[in-house]
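Participant: what shape does this take:
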Amino acid sequence: IGIEHEGFIDDAAWFTDAMYRSSAAVTAAVCDAYGIPKNRERIIAHSEVPGADHTDPGPHWDWDRYIGLVNGG
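Facilitator: Just a heads-up that it's a prediction; the model follows:
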């Protein structure tokens, strides 16, 4: 399951609080519906999918913040 975000990987300004919160809410709902653990081992970037040619979300994505939000933080 992939969630696409609008923005550019080299511009952290695209990653707004609203984006983090809404994306985390979708991710949490998908995890709950399908019994997917809410951790970094299971929630990965496009760039981490085997065989992917994507580079997103890039170095400015705050994974600690995101996973915290997915887990209700």
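Participant: which residues sit against the lengthiest helix in the chain?
Facilitator: For the chain, the helix with the greatest residue count under DSSP state H is helix 17-34. Applying CB atoms under 8 Å, 6 or more residues apart in numbering, the set of residues contacting helix 17-34 from outside is 1, 3, 5-7, 36-38, 42-43, 62, 65-66, 69-72. Just so you know, the C-beta spots here come from the backbone N, C-alpha and C atoms, and that holds for glycine as well.
Participant: what do you get for stretch 57-69?
Facilitator: By CB under 8 Å, 6+ apart, the residues outside stretch 57-69 that reach it are 5, 7, 9-12, 15, 20-21, 23-25, 27-28, 38-40, 43, 45-47.
Participant: now, of those, which are buried?
Facilitator: Restricting these to buried positions leaves 5, 7, 9, 15, 20, 23-24, 27-28, 38, 43, 45-46, with burial counted as 16 or more other CB atoms under 10 Å.
Participant: what score does the residue of the chain most remote from its centre have for pLDDT?
Facilitator: In terms of distance from the mean C-alpha position of the chain, Gly51 ranks first, at 18.5 Å (CA atoms, centre = their mean). As summarised for this prediction, Gly51 has a pLDDT of 92.
Participant: may I ask which helix or strand encompasses it?
Facilitator: No secondary structure element spans Gly51, as it lies outside all helices and strands (assigned by DSSP states H and E).
Participant: that one: what's it in contact with?
Facilitator: Gly51 makes contact with no residue under the criterion CB under 8 Å, 6+ apart.
Participant: return the set of buried residues in whichever helix or strand Leu69 is part of.
Facilitator: In the assignment (DSSP H and E), Leu69 maps to helix 63-70. By neighbour count on 16+ other CB under 10 Å, the buried set for helix 63-70 is 66-67, 69-70.
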